[in-house]
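Undergrad: predicted coordinates and the sequence they were generated for:
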Amino acid sequence: MGAKIGIIGGSGLYDIELEDKKEIDISTPFGSPSDSFMTGKLKGKDVVFLARHSRGHRILPSELNYRANIYGLKKLAVDHIISISAVGSLKEELKPLDIMLPDQYVDRTNQARLMTFFGDGIVAHIAFGEPVCQRLRGILYKSAEELKITVHNQGTYLNMEGPAFSTKAESYLYRSWGMDVIGMTNLPEAKLAREAEICFAAIATITDYDCWHKSEEAVTVDMIIENLKKNTENTKMIITKAVSLISADENCACRHALENAIITPSEYISDETRKKLDVIIGKYLK
C-alpha cells in the first residue's frame, strides 16, 4: 500500500494542482476540523489537504481544534503529514523568505491548545525526544536543495501562544535561549501526529525577524502576508517534488509510537473510550 500524505497549511495552497479533487467532511469525537478535507492525487500519490485556519483565515491559533484536524487525517488513512507554517526568525542567518525545517520544539503556550487524544480514563505517554520524523524531514531537505531553494536543515521552533506578536523583551529572551524561529501552531500538530502514529515534518517559512532586529522594520501583518505569498510558491514546489519521494514505511519508529505508551490496562478502558479512540488505538485493544 502506498503512502497517503496529509498537508496542513494556508489557503494559498488550495490551488496546488491535484488530480481527481474531492472535498470530504469528517466528523470526529473531538468536534469539527478546521475545514473540509481536500483529497486528490499529486504526482500519482494520494494527498489530503487541510486549510489550518479555515478558508478565509477565520480561526485563531488558540482556537484551532488540533485534535479534530489530526484525528480527521488519521481517519482518512493519512500516514505522513507535512505541516507548513509561517514563522519569525530569531537569528540573523535565518533570513525572511528562507525556509527552515525544524527538528525540535519548545512549548510556550498556556494550554489553551489541547495536545493529546488521551485523558478521561485512559493514560498514555509517548516518547517525544525526537519530535519530527527524520526520514520525512530528510526528503523535504533533499527536495528543497535540488530546487535551489534556501533551506536550513534543522533548528528549534518556539511555539508561543499569540495571537499578539512578541514583546521585544520576549524576543530577546528567546534569542538568549538559542531558539531559531517562533510561531503559533506547529507543536500541537507534532504531538498529536506522534500519538496518531503518523510521520510528521514541518516546513517553517520565514516571514520576518520577529521584533528583535534593530535594522529591520517592526513586524506587521502586511509584511507577513506579502512574504507568505512569496513563500507559498517555494512551498508548493518543495511539496510537489517531495511527494514523489515519500513511500510508506511501516518500520519507521513514528508508526509504532503507542506500542509501549498506553499505561492504562485494557480492562480499565471503557467501551465509550474504546469507541472514541478506535481510529487511534484500536489495533492495540484487540
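TA: Alright, I've got the coordinates.

Undergrad: what ranges do the strands span in the stretch 101-250 of the chain?
TA: Ranges of strands in the stretch 101-250 of the chain, per DSSP state E, counting those that start in this stretch, are 104-108, 151-152, 156-160, 181-183, 199-208.

Undergrad: among those strands, which is nearest E233?
TA: Between E233 and these, the tightest spacing by C-beta to C-beta is seen for strand 199-208, at 10.5 Å. Where C-beta positions appear, they are placed from N, C-alpha and C, glycine not excepted.

Undergrad: what about the closest one, distance to the chain center?
TA: Here strand 199-208 shows a centroid-to-chain-centroid distance of 8 Å under the convention C-alpha atoms, centre = their mean, to the nearest Å.

Undergrad: and for stretch 34-48?
TA: The answer for stretch 34-48 is 16 Å, by C-alpha atoms, centre = their mean.

Undergrad: repeat for stretch 26-33
TA: Distance, centroid of stretch 26-33 to centroid of chain: 18 Å (C-alpha atoms, centre = their mean).

Undergrad: quick one: mean pLDDT over it.
TA: What stretch 26-33 shows for mean pLDDT is 97.

Undergrad: pull out the buried positions in it.
TA: 26, 28, 30, 33 (16 or more other C-beta atoms under 10 Å).

Undergrad: ditto for stretch 104-118
TA: Buried residues in stretch 104-118 (16+ other C-beta under 10 Å): 104-106, 108-109, 113-115, 117-118.

Undergrad: just the closest of those residues to F200, please.
TA: Closest approach to F200 among the buried residues of stretch 104-118 (C-beta to C-beta): Y105, at 11.0 Å.

Undergrad: who is that closest one paired with across the strands?
TA: Taking DSSP bridges as the rule, Y105 bridges to Y157.

Undergrad: and if you look at V151?
TA: With DSSP bridges as the criterion, V151 is bridged to I99.

Undergrad: orientation of the helix or strand of the chain with the lowest mean pLDDT relative to strand 199-208 in degrees?
TA: Counting by mean pLDDT, DSSP states H and E, the chain has its least confident helix or strand at helix 221-243, which shows a mean of 85. Orientation check (axes from the mean of the first three to the mean of the last three C-alpha atoms, to 10 degrees): helix 221-243 against strand 199-208 gives 150 degrees.
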